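Novice: sharing a sequence plus its predicted fold:
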Amino acid sequence: MNTDTLSTSAPISRKKSFNFGSFTIIAIALSLFIFLSFASDTFLSTRNIYSILYGVSFQFFAIIGFTYLMIMGEIDLSVGSVYAFSGMFMGYLMVMMKVPLLPAMGISLLVCVLMGMLTGFLVVRFRLNSMMVTIATLTLIRGLSSYFVKAMYGATYPPAMRHLSKIEIGDVYITIIAMVVLVIVLEILLKKSAMFKRMYFVGENRQTARIYGIKSDRIKIAMFAISALAAAVGGILISSRVSYADTAIGLGLEFQLLTAAVLGGASLYGGKGSILGSCIGLIFLATILNGMVIFNIEPLLQQLIIGVILIISVFIDTRLNRGN
């Protein structure tokens, strides 16, 4: 069958179930926003809200491909390491090898894409569990990042690189504008484009999708590459903001993205998810963290609370979607 003719009319079974992220996360986020607005004089300030969105805008790039893979029933736990590696590698090229900005950026992005393609190839060619494969690549890539941190110890990135995260259009940082534009465009593509809808079909039933001519292996490799590319873009921008090689960049990011995606309606069992929902999930988590900072809650307790939210989200996802 010609996959170009595939549409929502294709008779692939799609069981209806409650989507945890469709309305619930919006209602919870709004409730939290209203509570913090009354509980704190500083939360609703323009500066604070802008700061939350600015911080989320870097992580948003990493959650794009992460969400796509979850829709297809896969998971990429190496995304945080790629997020850290891309900026450090670019900085290494510029600081230690004197490579100009654009070539250094291009080389870094290309290497990350190749890493993503290799991960995707291992998963689909040998039918390996994507969680286990990406745990291995997480360790490998984090090790490479540590090498670059050691090589650049004490060095600051060049001004051209440090300027990337501070580019503004009007009075708004370009990362925030890019996040808003990408949410709109990618959400429309997920809902309207037959090519993007195939990801849902693959996530729901890979064998049935194959019967209808969907080349799921190719799509998965492409999505692993996109996941690495998008995370690399976010990593370069956050490294620009930090301005030096920092081993803390991207640590635990994969679990934040997983929590945000599940809160936003994605499922560990595949077939569900949206870029809008994942973005709202990120903003929700960032708002919780911001509120805890305002009320001077200990950092260790903050991590505990985020961990509890992840456990609850996974529990609800399992109860609602397992066997669907």
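Specialist: Right, received. Where do you want to start? All values reported here derive from a predicted model rather than from experimental measurement.
Novice: just name the shakiest helix or strand of the chain by mean pLDDT.
Specialist: In the chain, the helix or strand scored least confidently by mean pLDDT, DSSP states H and E is helix 206-211, which has a mean of 78.
Novice: what are the buried residues along it?
Specialist: Of the residues in helix 206-211, those buried by neighbour count under the rule 16 or more other Cβ atoms under 10 Å are 206, 209. For every residue, glycine as well, the C-beta is placed using N, CA and C.
Novice: tell me how far the closest residue in space to residue 263 that isn't next to it in sequence lies from residue 92.
Specialist: Closest residue in space to residue 263, ignoring its immediate chain neighbours: residue 281 at 3.9 Å, by Cβ to Cβ, 6 or more residues apart in numbering. Applying Cβ to Cβ, to the nearest Å, the value for residue 281 to residue 92 is 33 Å.
Novice: and the two? Which one has more around it.
Specialist: Remark: of residue 281 and residue 92, residue 281 carries more neighbours, 28 against 22, as counted by other Cβ atoms under 10 Å.
Novice: show the contacting residues for that one.
Specialist: Contacts for residue 281 were tallied using Cβ atoms under 8 Å, 6 or more residues apart in numbering; they are 21, 25, 259-264.
Novice: please redo it, this time with the cut-off set to 10 Å
Specialist: The neighbourhood of residue 281, defined by Cβ atoms under 10 Å, 6 or more residues apart in numbering, consists of 21, 25, 29, 63, 67, 256-266, 309, 313.
Novice: can you confirm it is in a strand?
Specialist: No. Residue 281 is assigned helix when assessed by DSSP: H, G, I helix; E, B strand; the rest coil, not a strand.
Novice: so residue 163 makes contact with residue 101?
Specialist: Yes. Taking contacts as Cβ atoms under 10 Å, residue 163 lies within contact range of residue 101: 9.2 Å.
Novice: neighbour count: those two, which is higher?
Specialist: Neighbour comparison, residue 163 and residue 101: the larger count goes to residue 101, with 16 against 12 (by other Cβ under 10 Å).
Novice: excluding chain neighbours, what is closest to the more buried one?
Specialist: The spatially closest residue to residue 101, leaving aside those adjacent along the chain, is residue 160, at 4.5 Å (Cβ to Cβ, 6+ apart).
Novice: helix or strand for that neighbour, which one?
Specialist: Element membership for residue 160, per DSSP states H and E: helix 159-162.
Novice: next one: residue 95
Specialist: Residue 95 belongs to helix 79-96 when elements are defined using DSSP H and E.
Novice: repeat that for residue 315.
Specialist: Taking DSSP H and E as the criterion, the element that holds residue 315 is helix 299-321.
Novice: ditto for residue 239
Specialist: helix 216-242.
Novice: what ranges do the helices span in the stretch 51-200 of the chain?
Specialist: In the stretch 51-200 of the chain, the segments counted as helices under DSSP state H, counting those that start in this stretch are 79-96, 101-125, 130-151, 159-162, 174-192, 194-204.
Novice: okay, the angle between the third one and helix 216-242?
Specialist: Orientation note: helix 130-151 sits at an angle of 30 degrees relative to helix 216-242 (axes from the mean of the first three to the mean of the last three Cα atoms, to 10 degrees).
Novice: what comes up buried for helix 130-151?
Specialist: Buried positions in helix 130-151, judged by neighbour count with 16+ other Cβ under 10 Å: 130, 133-134, 137-138, 141-142, 144-145, 148-149.
Novice: pick the one among those residues closest to residue 212.
Specialist: Nearest to residue 212 out of these is residue 130 (Cβ to Cβ; 22.6 Å).
Novice: any idea how far residue 31 is from residue 38?
Specialist: The span separating residue 38 from residue 31 equals 11 Å under the rule Cβ to Cβ.
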